[in-house]
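A.B. asks: below is the sequence, then the predicted model.
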Amino acid sequence: DTEVTQTPKHLVMGMTNKKSLKCEQHMGHRAMYWYKQKAKKPPELMFVYSYEKLSINESVPSRFSPECPNSSLLNLHLHALQPEDSALYLCASSQAGQETQYFGPGTRLLVL
Amino acid sequence: AQSVTQLGSHVSVSEGALVLLRCNYSSSVPPYLFWYVQYPNQGLQLLLKYTTGATLVKGINGFEAEFKKSETSFHLTKPSAHMSDAAEYFCAVSGGGGKLIFGQGTELSVKP
């Protein structure tokens, strides 16, 4: 089973709202990733968690706050977003130290 | 530093024709190479990967790719295109620390 699940599938939020994106995997992977993808562009890495610890933060604005409550779950908390943050947010997971990443279906976010 | 160049942002083929999507990479270390496919409004699906060993790699849906070190290439091929192959294709190289470095993507169109 190489499934990564993400909820919600779609999200519309205002600039003053607080929302969270959720990602889950049950493959025993110990590395999890958040990416942002704009239309017709490759995914851009935002955060990497390895063994539930934040290992990479690609200079992402603080209005994005990641959380890894356990080895299967990854959250992305959103607050005071801007319209330019509208994008597809992808979660991925991999064995720790392995580059083969498995992606979820994404959450399509629209910020009004 | 690692980088990926995908030649052609858009490729159009007729149904039943050969599919060839080009990818060249730059890497200071022996690379791990990947092809992902993204259908509209979906996440990325791993098509195939090269890590070590056999340079001709077979993937899902009839795709294959050949690692050519002398040409720093990892082109993706399929002998006979199907309408369902229409999608965005991303080539990626391992960037170290679990990172993937993506190319800009190639949109494949299949004409009936």
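C.D. replies: Right, received. Where do you want to start?
A.B. asks: check contacts around whatever residue of chain B ends up closest to chain A.
C.D. replies: Across chain B, the shortest distance to chain A (C-beta to the nearest C-beta) belongs to B:Phe102, at 3.6 Å. All C-beta atoms are positioned from the backbone trio N, CA, C, and that covers glycine. Contacts for B:Phe102 (C-beta atoms under 8 Å, 6 or more residues apart in numbering or on different chains) come out as A:Pro42, A:Pro43, B:Val4, B:Phe90, B:Cys91, B:Ala92.
A.B. asks: hey, where'd the helices end up in chain A?
C.D. replies: Ranges of helices within chain A: none, based on DSSP state H.
A.B. asks: can you name the residue of it nearest chain B?
C.D. replies: Counting by C-beta to the nearest C-beta, chain A gets nearest chain B through A:Pro42, at 3.6 Å.
A.B. asks: I'd like the distance between that residue and A:Pro61.
C.D. replies: Computed with C-beta to C-beta, to the nearest Å, the distance linking A:Pro42 and A:Pro61 is 20 Å.
A.B. asks: tell me which of those two has more neighbours.
C.D. replies: Using other C-beta atoms under 10 Å in any protein chain shown as the criterion, A:Pro42 and A:Pro61 rank with A:Pro42 on top: 23 against 11.
A.B. asks: C-alpha coordinates for the strand of greatest length in chain B, CSV please?
C.D. replies: Using DSSP state E to assign secondary structure, the strand with the most residues in chain B is strand B:87-96. Listed next in CSV are the C-alpha coordinates belonging to strand B:87-96 (Å, rounded to 0.1, in the frame of the first residue of the first chain):
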residue,chain,number,x,y,z
ALA,B,87,-1.0,14.4,-18.3
GLU,B,88,1.9,16.5,-16.9
TYR,B,89,5.1,14.6,-16.5
PHE,B,90,7.9,15.6,-14.1
CYS,B,91,11.5,14.4,-14.1
ALA,B,92,13.3,14.7,-10.7
VAL,B,93,16.8,14.0,-9.3
SER,B,94,17.7,13.4,-5.7
GLY,B,95,19.0,16.5,-4.1
GLY,B,96,20.3,15.0,-0.9
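A.B. asks: list the pairing partners of it within its sheet, with orientation.
C.D. replies: Strand B:87-96 has the following strand partners under DSSP bridges: strand B:33-38 (antiparallel), strand B:99-102 (antiparallel), strand B:106-111 (antiparallel).
A.B. asks: which residues touch the residue nearest the centre of chain A?
C.D. replies: By C-alpha atoms, centre = their mean, chain A has its centre lying nearest to A:Trp34, at 3.1 Å. A:Trp34 makes contact with A:Cys23, A:Leu45, A:Met46, A:Phe47, A:Phe64, A:Pro66, A:Leu74, A:Leu76, A:Tyr89, A:Leu90, A:Cys91 under the criterion C-beta under 8 Å, 6+ apart.
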